[in-house]
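Trainee: Give me the fold of what follows.
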Amino acid sequence: MTETQPDVTVVIGAYEAMPYLVECLRSVEAQTLDAARIEVIAVDDGSTDGTGEYLEEFAARAANHVTVIRQENSGGPSSPRNVGLGKAAGRYVFFLDADDRLAPEALERMVATADRNGTDVVLGKVEGINRVPPKAAWVETLERTDVFHSNIKFTLSAQKLFRRALLERHSMRFDESLFTGEDALFTMEAYLRADGVSVIADHTCYYLVGRDDGKHVTKSGSYTLRFDSARALMNLIAEMVPPGVERDKLMVRPFLVTLLPQFGPKYAKDSEQVRRHKFELAKPLMAAHWTPEVAVRLKVDERLRLHLVAQERPELLLDVVEFAKSKQRPEAVVERRGRRVYLAYPHFRSGEAALPDSVYLAEPREAREVEGYREGGAGVFLRRVARRVRRVRASVGF
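Mentor: Below is the predicted model:
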């Protein structure tokens, strides 16, 4: 009698996960998908708090087929996930963090969605418990979409349902040289290689749990790791997507989510040495990937800060960061009979700073909040500027 292939393998990488692991495993047992259709592979990454022992107790009593692997601590989440993925037998794989939880119908709904649509990745709606979850991707349920025609680029965590055949066909694994952002790299590659992505926005599938001890992996680590993560993701996008509008759309994500926070409120508290180091780390990334077409997709404050990083103007950047920290709102300068709105952040039209007006020009989404704005000018102007700069760059060989 041959064993039936499980529908889904749940891979749990666990390190010092007690007591959160208790509720995590309970959520697996509570799944409405039949236990025989769920395989669990749990990898204890060198825990010393009883995590490994509790996993073995769970394996002994659970109705699911459970495999527990115990290994020396690897220092990051990539190794446990890769070990679990290497042992997986399910048609699909779901990566469950040991301090998070699944909603009862999560696996049943996600597997049914993937089967119904033939999609390779399924995003189940995420809800936060003592943490703020990402929201942009779950505006509406989408039976079939892709990374270019949705907001899924803003959720690159590993907690998705992946068709295992896709991962094996492309030998996809988590990058063990990265200690943060490894899931972003993996998930973006999956989005780009997938034959369709589904989004479940009308039913919570995953609970993102904030630990009381503050030891969640995304909150730890040196700022240099964030630059490593940004570099890896930017390079992946550049390698897999030809230059043009689609690449520009995706490049917004690493600039906005990974790089920009390094030049936010924390920057004002950094030592001069750290500030200089951040500019050094950012320089090759800005030179390779920061373009007018990416800049035009950002809000004025975001665009201004990254423009100053690209231009290596740390003294001006500090003024902008301090202005933002003070919670001040910039004056709106309305021109061209309301068709252009400039947000006068520090150094706007300063002769000494000599920053171009286009950096301060609000796109319609920001300009609509300003009294007197008439839609139909700013976006066109900014895009003309971007095209002009691109032509100049091309003519001089950049």
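
Trainee: When you work out contacts or count neighbours from here on, use the C-alpha atoms and nothing else.
Mentor: Fine.

Trainee: can you tell me how far the residue lying closest to Glu140 once chain neighbours are set aside sits from Lys125?
Mentor: Leaving aside its sequence neighbours, Glu140 sits nearest to Ala201 (CA to CA, 6 or more residues apart in numbering; 5.3 Å). According to CA to CA, to the nearest Å, Ala201 and Lys125 sit 5 Å apart.

Trainee: Between these two, which is the more surrounded one?
Mentor: The residue with more neighbours, out of Ala201 and Lys125, is Lys125; 25 against 18, by other CA atoms under 10 Å.

Trainee: For the spatially most central residue of the chain, give me its contacts.
Mentor: Ranked by distance to the mean C-alpha position of the chain (CA atoms, centre = their mean), the top residue is Leu156 at 3.7 Å. Residues in contact with Leu156 (CA atoms under 8 Å, 6 or more residues apart in numbering) are 183-185, 187-188.

Trainee: joint contacts of Ala201 and Lys125?
Mentor: Listed as contacting both Ala201 and Lys125 by CA under 8 Å, 6+ apart are Trp138.

Trainee: The residue nearest to Glu140 sits in which helix or strand?
Mentor: Element membership of Ala201 [criterion: DSSP states H and E] is strand 197-209.

Trainee: following that strand, which helix or strand comes up?
Mentor: Next along from strand 197-209, by DSSP H and E: helix 223-240.

Trainee: List the contacts of that following helix.
Mentor: 178-182, 184-185, 188-189, 192, 247, 250-251, 254-255, 258-259, 262, 278, 281-282, 285, 289.

Trainee: Please identify the buried residues of it?
Mentor: 226-235, 237-238 (16 or more other CA atoms under 10 Å).

Trainee: go on, stretch 188-197?
Mentor: The neighbour-count check on stretch 188-197 (16+ other CA under 10 Å) flags 188-197 as buried.

Trainee: Which members of these occur in helices, if any?
Mentor: 188-193 (DSSP state H).

Trainee: Pipe those residues into a markdown table and attach distance to Asp44 and pLDDT per row.
Mentor: Converted to a markdown table, those look like this (distance: CA to CA, whole Å; pLDDT from 0 to 100):
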| residue | distance to Asp44 | pLDDT |
| --- | --- | --- |
| Met188 | 26 | 98 |
| Glu189 | 26 | 98 |
| Ala190 | 25 | 98 |
| Tyr191 | 28 | 98 |
| Leu192 | 31 | 98 |
| Arg193 | 30 | 98 |
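
Trainee: Return the member of the residues you listed nearest to Ala362.
Mentor: Met188 (29.1 Å; CA to CA).

Trainee: on that earlier part again, which residues touch the residue nearest to Glu140?
Mentor: Contacts of Ala201 (CA under 8 Å, 6+ apart): 124-125, 138-142.

Trainee: can you give me the strands in this protein?
Mentor: 8-14, 38-45, 65-71, 92-97, 101-102, 121-129, 142-145, 161-163, 197-209, 331-335, 340-344 (DSSP state E).
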